[in-house]
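>>> What follows is a predicted structure for the sequence shown.
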Amino acid sequence: QVQLVGSGGGLVQAGGSLRLSCAASGRTFNQYGIGWFRQVPGNEREFVAAISRSGGTTYYADYVKGRFTISRDNAKDTAYLQMDALKPEDTAVYYCAAGDGLAQSLTRGFYAYRGQGTQVTVSS
């Protein structure tokens, strides 16, 4: 199995940027597609972005497209979520997840492993 540790959350003003990291250990990182999800207490989990094993294919939810960028460095066993032009409605706990199928499956919420969340708070 693979262990995931998310980090990089914090408090930022609207319009600002944050970069989340997802560090993996255990099984070979490049065997997994990686996705980012977010959740506000009391609300359902939302898909944010996903990236294929090689990094050649990415997927984004419409509400972050053009503002967020997912990437990965397989040599460092780490994935990233660059978040720009943040809005107050982006406030949530963000967590990364790993799927051993196609990265597209992550867009439908299917994953095998999940890291702990990191809080992102965007003030207006």
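That came through, no problem.
>>> Work out for me the element residue 81 sits within.
Using DSSP states H and E, residue 81 maps to strand 78-83.
>>> Identify the residues contacting that strand?
Contacts made with strand 78-83 from outside it, assessed by CB atoms under 8 Å, 6 or more residues apart in numbering, are listed as 17-24, 29, 34, 36, 48-49, 51, 64, 67-73, 90, 94, 96, 120. Every residue, glycine included, has its C-beta placed from N, CA and C.
>>> Stretch 39-52 now?
Stretch 39-52 has contacts (CB under 8 Å, 6+ apart) with 33-38, 57-61, 64, 68-72, 79, 81, 91-95, 99, 102-104, 106-109, 117.
>>> Bridged to the residue nearest to the spatial centre of the chain, which residues?
Taking CA atoms, centre = their mean, the centroid of the chain lies closest to residue 36, which sits 2.3 Å from it. The partner list for residue 36 in beta bridges (DSSP bridges) reads residue 49, residue 96.
>>> From residue 39, how far out is residue 102?
23 Å (CB to CB, to the nearest Å).
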